[in-house]
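Peer 1: Just a sequence and a predicted model for now, questions to come.
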Amino acid sequence: MGRTTARGSSTAACGSRTKRPAAGCPVRSTAAVLPRYSRPGAGACPNDAASLADGGSNVPGPSSPSRRCLILAYWRPCSAAGRSRRAPTRGDVVVGTSSSERKRYQRYLQVVDQACRFDTFSLDELKDRCGDERPAFVTRLVHQLEQDGLLARSGPPGKPSFRWSGGRAEFSPARWVEAKFFGGSLSRSPASDRPRERLLARGPADLRLAELLAILIRSGRPGESALQAGEKIAAHFAGQLHKLPQAGRGELRAISPAVQTTAYCQIMAGIELGRRVAEALAGQAGRPQRRISSPEDAIAECRERFSVLASQATQEEFHVLCLNTKHEVIGCHRISIGGLDSGAAHPREVFRPAIKEAAAAVILVHNHPSGDPTPSRQDLAVTDRLEQTGSLLGIDVLDHIVVARNGQLSIRQYRLQGGHSVE
């Protein structure tokens, strides 16, 4: 292996020697670069040290055999012309210069690489394949893989076997080891592997769910990066993503300790923003402006505009649609969240946006999270009160629509048909 002398000369793993700094220009830093999926000493690399010294212009590509070597050290001159240190390229992991750190990284990667050779394995089988590695160390890494949801346990408790879960196709041994090795920091990973950089380079549609969550979580905790936290949450809600908006702060924190108060608020804010954008897109999807001339038209408008509210909301919400003199929708406003009472649906709050937009008429809308759109006695009383207020203001209340999972209902039509309220 190579070495760095006290006087600043550097020797690569293959034996080549870089230039010695000029007199009076001490070595500023040393670092080691460990190519991803490589094993130290597995191949010669006669020019990599020189490539590092000249800024990396001669570094071979990721597929080149000469990448399969360990650059032990390189020096950086003090002059202004040489102050920029080569940043790691794709596939590189910057590792500390101490030999203990290099050995520890190599041990991690070797065990995980061996585990990837099996579809199903027992601890004894993996320990045999890892040769002289300490059995307790192998056991600990297997348990970490299991805790991250990458391995599933089966068989008797005394002698379990492990199989890879559905995430194995996307699993990168080196990336997983990096996250563990660097104590949950993504800042030292290659830029092409960081979620934010990937979003800027490729757009949000190209990111996996775990990467989108990692951007919202922003920072991890010791031993767990934001990306690992995103992987855990994505695995927990796999196939049932619609339940994520209802997850509480304690539930997400139990999945990953990286989800503290700030991260939870950012996740929920991102979900709500996406919901509102989807709602707006659904309402403005190039369809012609509908003229509301009957209860059926009002129901059809609310069915399209409030489909997410009807199917997913867990609390009552009160909305008002503002209409022009042609009874076309010119605005939609949420008035309140919570039970429909005199405080939540106060005429002052209901008609404020209608007056501001000079609306000629309004349609009242609220949802029933129970799924049953049948109006209650309170729904009918609130409708009567708002109709009276509207007549005084010169703003017609055309209808009051109740939306729910099991359908939509027009209170005006309901009363004409002689319907009775429910308690």
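Peer 2: Sure, I can see it.
Peer 1: Can you list the neighbours in contact with the helix or strand Gln266 falls within?
Peer 2: Per DSSP states H and E: Gln266 is located in helix 261-283. Contacts to helix 261-283, defined as C-beta atoms under 8 Å, 6 or more residues apart in numbering, come from residues 213, 216-219, 229, 244-245, 249, 252-253, 259, 304-309, 332. Any C-beta I mention is one placed from the backbone N, CA and C, and that applies to glycine too.
Peer 1: And the strands in this structure?
Peer 2: Using DSSP state E, the strands of the chain run over residues 32-35, 92-95, 120-122, 151-154, 161-164, 317-323, 329-337, 361-367, 396-404, 407-410.
Peer 1: what's the closest of those to Leu380?
Peer 2: strand 396-404 (8.8 Å; C-beta to C-beta).
Peer 1: and that closest one, which strands flank it?
Peer 2: strand 361-367 (parallel), strand 407-410 (antiparallel) (DSSP bridges).
Peer 1: got the CA coordinates for the last one in CSV?
Peer 2: To tie it back to what came earlier, the one meant is strand 407-410. C-alpha atoms of strand 407-410 as CSV (Å, rounded to 0.1, in the frame of the first residue of the first chain):
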residue,chain,number,x,y,z
GLY,A,407,-72.2,10.6,-3.6
GLN,A,408,-73.2,14.3,-3.8
LEU,A,409,-76.5,15.9,-2.7
SER,A,410,-78.2,19.2,-3.4
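Peer 1: Next, the distance between the ends of stretch 353-367.
Peer 2: By C-alpha to C-alpha, to the nearest Å, the extent of stretch 353-367 from end to end equals 20 Å.
Peer 1: Okay, buried residues for stretch 250-269 please.
Peer 2: By neighbour count on 16 or more other C-beta atoms under 10 Å, the buried set for stretch 250-269 is 252, 255-256, 258-259, 263-264, 266-268.
Peer 1: ok, the residue lying closest to Arg198 once chain neighbours are set aside - how many residues close by?
Peer 2: Leaving aside its sequence neighbours, Arg198 sits nearest to Leu207 (C-beta to C-beta, 6 or more residues apart in numbering; 6.0 Å). Neighbour count of Leu207, defined by other C-beta atoms under 10 Å: 18.
Peer 1: show me what contacts Ala229?
Peer 2: Residues counted as contacts of Ala229 (C-beta under 8 Å, 6+ apart) are 213-214, 217, 220-221, 255-256, 258-259, 263.
Peer 1: nearest to Lys180, of these?
Peer 2: Among the contacts of Ala229, and counting by C-beta to C-beta, the member closest to Lys180 is Gly220, at 11.5 Å.
Peer 1: What's the local residue count around the closest one?
Peer 2: Gly220 has 23 nearby residues by other C-beta under 10 Å.
Peer 1: Could you do the one 4 residues further on as well?
Peer 2: Around Glu224 sit 20 other residues, with neighbours defined as other C-beta under 10 Å.
Peer 1: what do you get for Arg352?
Peer 2: 14.
Peer 1: and if you look at the one 4 residues further on?
Peer 2: Using other C-beta under 10 Å, Lys356 has 11 neighbouring residues.
Peer 1: now the one 5 residues further on
Peer 2: The burial metric for Ala361, expressed as a neighbour count using other C-beta under 10 Å, is 20.
Peer 1: repeat for the one 10 residues further on
Peer 2: The number of residues packed around Gly371, counting by other C-beta under 10 Å, is 12.
Peer 1: Equivalent analysis for Ser410, please.
Peer 2: 24.
Peer 1: Give me the phi and psi for the residue nearest to Arg198.
Peer 2: phi -90, psi 150 (degrees, to the nearest 10).
Peer 1: Hmm, Leu200 and it touching each other?
Peer 2: No. Contact criterion C-beta atoms under 8 Å: Leu207 and Leu200 do not qualify, at 10.7 Å.
Peer 1: Let me know the pLDDT of the nearest residue to Gln144 once chain neighbours are set aside.
Peer 2: Spatial nearest neighbour of Gln144, chain neighbours left out: Lys180 (6.9 Å); criterion: C-beta to C-beta, 6+ apart. pLDDT, Lys180: 70.
Peer 1: quick one: Lys180 and Asp148, what's the gap?
Peer 2: For Lys180, the distance to Asp148 (C-beta to C-beta, to the nearest Å) stands at 9 Å.
Peer 1: now Ile411
Peer 2: Going from Ile411 to Asp148 by C-beta to C-beta gives 52 Å.
Peer 1: can you pull the contacts of Thr314?
Peer 2: Applying C-beta under 8 Å, 6+ apart to Thr314 gives the contacts 246, 369.
Peer 1: Give me the pLDDT value at it.
Peer 2: What the model reports for Thr314 is a pLDDT of 86.
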